[in-house]
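Engineer: Here's my sequence, what's the structure:
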Amino acid sequence: RKESSAASDVYKRQPRSDCTSVHDAVPSREARTPRGTPRTYQGQPVRHSHQETSQSREAPGQDVRDHRDVRSRQTQGRRGLPLPVRFTILAAIFVAVTLAGLALGSVNIPLGDVMTVVTGGTNVDPVSMTIIHDVREPRTITALLVGAALGMSGLEMQTLFRNPLADPYVLGISSGASLGVALVVLSTSASAGAATFASGLGIGPDLLIMVAAALGAAVVLLIVMLAGRFIHSSTILLLLGVMIGYFVSSGVTVLLSRASPELIAQYTRWQFGSYHGVTWQNLRVMVPIIVAMILASLLLAKPLNALLLGERYAQTMGMNLKVVRTLLVASTAILAGAATAFCGPIGFLGIAIPHLTRGVLGTADHRHLLPGCILTGSSLALMADILAQLPGDDVLPVNAVNAVFGAPVVMVILIRWYREAEAT
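Structural biologist: Numbering: from 1, shown residues only. Sure thing, here's the model as predicted:
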């Protein structure tokens, strides 16, 4: 007891430092270990990687800020021109291509006569007026509508399935339309019965093919919509659409194997795709459907932006994923089905126009991409039709022109876009 009391008295008599708290009395790590001395644990040196040290010194949230800075630099590097200027250029190209579609063809018509007919004038050669009003105006309107419909529906499918190779026909809509046409054209018994039924209703052969294609696309649409009510995964829905397409295509193959060469040639011509068979009477049905679905698709810009970050993120933002998926599938199927029914399966546009629009506008915001797809898709579809008529009387297939002239342009834009993103 005497020794402990003596030790406490000695401790009390020692002078204290000017510390304000108990923690100040404890020496710091730097004071205990001189700088430059390697730290040890149980006699063994402790080493830390440079990455761990740098991460430990970063403030919380620093990686998020750095990621945002990188994305902003990439966006600024891709843009260059403001978006209003780019939309103005696309609109100017749209107007120029539309006038060219009315003026160019097997018979070239002066631009002044075209403007006179468009503005309602009558001081034009009667032959030129007939060509413009009865042939080129329906063809031009059809190409503009089909290009806009396929471009927007392709963008919706690529965003929904998060797949850059998705197109409007990935759900089997084109295969369903092809089966409907094949049943009418290739099957002798079905063709005779359908022709008799159509003649009783006053429907011609061309309109009968359009009705058959629309019914085939509608049947596939109903199957996909019913399956979508029980499937909650977009990937499974995509695979289901692909399998439906293969299943329906097998029926077309069987019909082709048993058809005559004349009927096979007629079906093949339909598969080439063309805007020339659409008349003013057909446009009265086609225009309201496509315009209504285009306007409805414009209202889905916000859900599409949420889907860019994933389905789980979209659900955390309060989005009803099942309803949005149903609306996207329905709008895409109706747009693609209407285009296929009136013009045949037009390829390449649905997969290329979204990528081309992203490269031209330099943005991923669907509030800009959807209107951009309307301008880009319409211009590209009509431009391909103009190029298909350049040889003269022998008109080339539109699908061949779309791929031959459009694919290199899209590849150049994608490579340039990728290099700019890598550079920044």
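
Engineer: Would you state the helices of the stretch 51-200 of the chain in chain order?
Structural biologist: Ranges of helices in the stretch 51-200 of the chain, per DSSP state H, counting those that start in this stretch, are 62-79, 83-103, 111-118, 126-130, 137-161, 173-185, 188-201.

Engineer: What of the stretch 301-424 of the chain?
Structural biologist: Under DSSP H, counting those that start in this stretch, the stretch 301-424 of the chain gives helices at 301-307, 311-316, 321-343, 349-361, 366-388, 398-423.

Engineer: Any idea which of these gets closest to residue 285?
Structural biologist: helix 321-343 (8.3 Å; CB to CB). No exception for glycine: its C-beta is placed from N, CA and C like everyone else's.

Engineer: so what secondary structure elements neighbour that closest one?
Structural biologist: With contacts taken as 3 or more CB pairs under 8 Å, 6 or more residues apart in numbering; DSSP states H and E, helix 321-343 sits against helix 137-161, helix 173-185, helix 205-228, helix 234-258, helix 280-298, helix 301-307, helix 311-316.

Engineer: Same list, those helices, but as JSON lines with mean neighbour count and distance to residue 109 please.
Structural biologist: Putting the helices and strands packed on helix 321-343 into JSON lines (neighbours: other CB atoms under 10 Å; distance: least, CB to CB, whole Å) gives the following:
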{"stretch": "helix 137-161", "mean neighbour count": "26", "distance to residue 109": "12"}
{"stretch": "helix 173-185", "mean neighbour count": "27", "distance to residue 109": "33"}
{"stretch": "helix 205-228", "mean neighbour count": "20", "distance to residue 109": "26"}
{"stretch": "helix 234-258", "mean neighbour count": "16", "distance to residue 109": "40"}
{"stretch": "helix 280-298", "mean neighbour count": "16", "distance to residue 109": "19"}
{"stretch": "helix 301-307", "mean neighbour count": "19", "distance to residue 109": "39"}
{"stretch": "helix 311-316", "mean neighbour count": "14", "distance to residue 109": "50"}
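
Engineer: Take those and write them to JSON lines, including distance to residue 414.
Structural biologist: Formatted as JSON lines, the helices and strands packed on helix 321-343 follow (distance: least, CB to CB, whole Å):
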{"stretch": "helix 137-161", "distance to residue 414": "13"}
{"stretch": "helix 173-185", "distance to residue 414": "24"}
{"stretch": "helix 205-228", "distance to residue 414": "29"}
{"stretch": "helix 234-258", "distance to residue 414": "22"}
{"stretch": "helix 280-298", "distance to residue 414": "24"}
{"stretch": "helix 301-307", "distance to residue 414": "21"}
{"stretch": "helix 311-316", "distance to residue 414": "26"}
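
Engineer: Can you mark which positions in stretch 261-272 are buried?
Structural biologist: Of all the residues in stretch 261-272, those buried under the rule 16 or more other CB atoms under 10 Å are 263, 266-267, 270-272.

Engineer: residues touching residue 162, list them.
Structural biologist: Counting by CB atoms under 8 Å, 6 or more residues apart in numbering, residue 162 touches 234, 307, 310.

Engineer: residue ranges with poor pLDDT in the stretch 101-250 of the chain?
Structural biologist: The stretch 101-250 of the chain contains residues with pLDDT under 70 at 187-207.
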